[in-house]
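**Q** I would like the atomic coordinates for the input below:
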Amino acid sequence: MPVPGYRRQLRAVVSGSATPYGYTLTLWTATTVTSATRGEPRAVDAAALLVGAALSFVAVGAIAAGGPRRPIGPRAAGPTPVWAALHLPSAGAGMLLCRLLASFLSRCVLWAAVGAVSTAAYLVGAAAQFWYAERHGAEAPLRPEDARHAS
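**A** Below you'll find the predicted structure:
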């Protein structure tokens, strides 16, 4: 028998972790594939990755908000099904794009591009996944035993 309230807390933790978890998977796999292809990054390469990722995040955020000075605010969507957080499409796209970049870009430019491309691929891809789930993934009703333990 589940501990009362535990499932609700677990849902909150999973929900709050879904986006950061997906982004971590994306950036980690993109940098690992790039390292496996081109070798270990130097300190300056890591700095380039940081700059590329940060600039890409701000650029995508500015597009989403309608301008760089507009607030992005909290996620406006309501609850989404768990399957919407399956980050394989967005993380996989970021990883594959970075593998492609590793075949023709040089060190600092490569690592800046890895940060930028993996970040943009994840943000755009994850938004598409959540958008699709919102439109096509009607939430299944809670079973009576789930409802009793939801609080």
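**Q** ranges for the helices of the protein?
**A** 6-38, 43-65, 88-102, 107-136, 144-149 (DSSP state H).
**Q** need those in a markdown table (columns: mean neighbour count).
**A** In this view, the C-beta of every residue, glycine as well, is placed from N, C-alpha and C. Output for these, formatted as a markdown table (neighbours: other Cβ atoms under 10 Å):
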| stretch | mean neighbour count |
| --- | --- |
| helix 6-38 | 16 |
| helix 43-65 | 16 |
| helix 88-102 | 20 |
| helix 107-136 | 20 |
| helix 144-149 | 11 |
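**Q** now those in CSV, with distance to residue 73 and mean pLDDT?
**A** Listed next are those as CSV, based on distance: least, Cβ to Cβ, whole Å; pLDDT from 0 to 100:
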stretch, distance to residue 73, mean pLDDT
helix 6-38, 14, 91
helix 43-65, 8, 95
helix 88-102, 21, 94
helix 107-136, 14, 93
helix 144-149, 30, 50
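**Q** distance to residue 71 added to those helices, as CSV?
**A** Listed next are these as CSV, based on distance: least, Cβ to Cβ, whole Å:
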stretch, distance to residue 71
helix 6-38, 17
helix 43-65, 7
helix 88-102, 24
helix 107-136, 17
helix 144-149, 35
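**Q** tell me, what residue is most central in the protein?
**A** Residue closest to the mean C-alpha point of the chain, counted by Cα atoms, centre = their mean, is residue 23 at 3.1 Å.
**Q** residue contacts, that residue?
**A** 119, 122, 123, 126 (Cβ atoms under 8 Å, 6 or more residues apart in numbering).
**Q** can you give me the distance of the closest residue to residue 89 other than its chain neighbours to residue 84?
**A** Nearest non-adjacent residue to residue 89, counting by Cβ to Cβ, 6 or more residues apart in numbering: residue 125, 5.7 Å away. Noted for residue 125: a distance of 12 Å to residue 84, by Cβ to Cβ, to the nearest Å.
**Q** again with residue 16
**A** From residue 16 over to residue 84 (counting by Cβ to Cβ), the distance is 14 Å.
**Q** with residue 72 instead?
**A** 19 Å.
**Q** neighbour count for these two, which is higher?
**A** Here residue 72 and residue 84 are compared on neighbour count by other Cβ atoms under 10 Å; more neighbours surround residue 84, at 19 against 10.
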